[in-house]
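Chemist: quick check, what structure comes out for this input:
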Amino acid sequence: MKKNFPESELIINADGSCFHLHLKPEQLADKVVLVGDPARVDTVAAHFDSKECEVSSREFHTITGMYKGKRITVQSHGIGCDNIDIVANELDTLANIDYNTREEKAEHRTLTMVRIGTCGGLQPNTPTGCFVASVKSIGFDGLLNYYADRNKVCDLKLEEAFKQHMNWNPIKGAPYVSVADAELIDRIAKDDMVRGYTISCGGFYGPQGRVLRANIEDPKQNEKIESFEYDGLKICNFEMESSALAGMASLLGHRAMTCCMVIANRYAQKMNTEYKNSIDTLIEKVLDRI
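Modeler: Residues are numbered from 1 along each chain as shown. Prediction:
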């Protein structure tokens with residue numbers, strides 16, 4: 001029996017588009033490049049050979065076009081894992097739910113999603129300007145904990161090892177570890193990106209160990225994070241979306257990964273505020289390899 005989705009759950013706008021993104025099913029390509037900044041959509045799409053549609057709604061800006069024979073959608077998601085929950089779910093509805101009948105399609109359509117972002121490096125081998133591919137992501141945000149099958153798509157052993165190493169305070173909620181698509185990691189990262197674990201934070205300041213006027217719960221947090229190692233890999237970087245993307249993609253049957261350019265190195269206490277001029281190199285790599 002096909003599952004039917006009521007109006008309160010699958011919200012479709014009057015023009016036949018999904019609620020937040022304002023995209024219609026026919027406007028979505030199988031290959032999706034995700035970026036945080038709505039303005040970066042234009043930066044990515046500037047490489048396209050042609051553009052077929054452009055849609056903007058709030059922080060969600062979308063352009064679909066052709067790049068070297070590949071149909072690609074570039075989609076902005078704003079900041080934070082909560083926005084990834086919106087974007088991943090709505091992209092999946094466009095691919096796998098019939099908007100006319102409100103029923104799940106008989107044949108699953110798999111999307112390939114690569115997020116291009118910026119991050120803070122945490123190791124000596126992640127200086128400003130380098131590219132990091134997130135093999136597994138530790139989510140501080142708790143998003144996946146709201147989904148029934150989170151244990152089926154998470155690395156539970158890594159979760160426990162991390163909590164023990166950190167002496168994790170349960171008041172902060174349970175961290176989860178999502179896993180990026182292995183083939184996609186190999187194809188996008190190749191041999192010119194650092195591979196490691198990523199921490200996706202539910203904020204830019206306290207959750208990332210920054211102390212301004214408000215003190216943080218664990219003053220030793222970043223020292224512990226930097227020293228953690230599991231299966232030969234270390235935690236390379238902080239960012240704010242990769243855990244939700246990899247986790248939601250796994251739950252929904254899609255392929256996803258995140259690659260970021262390091263714009264700050266917390267270990268060396270260095271920051272590059274002019275990164276927008278150099279991230280184009282990462283964009284070109286992803287477009288060529290996706």
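
Chemist: gap between the residue minimising distance to the centre of the chain and residue 138?
Modeler: The structure's the chain has its C-alpha centroid closest to residue 242; by CA atoms, centre = their mean the separation is 3.4 Å. Using CB to CB, to the nearest Å, we find residue 242 at a distance of 9 Å from residue 138. Just so you know, the C-beta spots here come from the backbone N, C-alpha and C atoms, and that holds for glycine as well.

Chemist: give me the common contacts of the two.
Modeler: Listed as contacting both residue 242 and residue 138 by CB atoms under 8 Å, 6 or more residues apart in numbering are 198, 200.

Chemist: among the helices and strands of the protein, which has the poorest mean pLDDT?
Modeler: Every helix and strand of the chain was ranked by mean pLDDT, DSSP states H and E. The lowest is strand 270-271, at a mean of 60.

Chemist: pretty sure residue 263 is in a helix, no?
Modeler: No. Counting by DSSP: H, G, I helix; E, B strand; the rest coil, residue 263 is not part of a helix but strand.

Chemist: next, count neighbours for residue 232.
Modeler: 6 (other CB atoms under 10 Å).

Chemist: for it, give me phi and psi.
Modeler: Backbone torsions for residue 232, taken as degrees, to the nearest 10, come to phi 80, psi 0.

Chemist: same thing with residue 234?
Modeler: phi -110, psi 170.

Chemist: what residues are up against it?
Modeler: By CB under 8 Å, 6+ apart, the contact list for residue 234 reads 122, 123, 196, 197, 226, 228.

Chemist: now do 7 Å
Modeler: Residue 234 makes contacts with 123, 196, 197, 228, as judged by CB atoms under 7 Å, 6 or more residues apart in numbering.

Chemist: what's the answer for residue 80, then?
Modeler: For residue 80, the contacting residues are 240, 241, by CB under 7 Å, 6+ apart.

Chemist: report pLDDT for it.
Modeler: Model confidence at residue 80, given as pLDDT, is 96.

Chemist: the one 3 residues further on now?
Modeler: The pLDDT attached to residue 83 in the predicted structure is 97.
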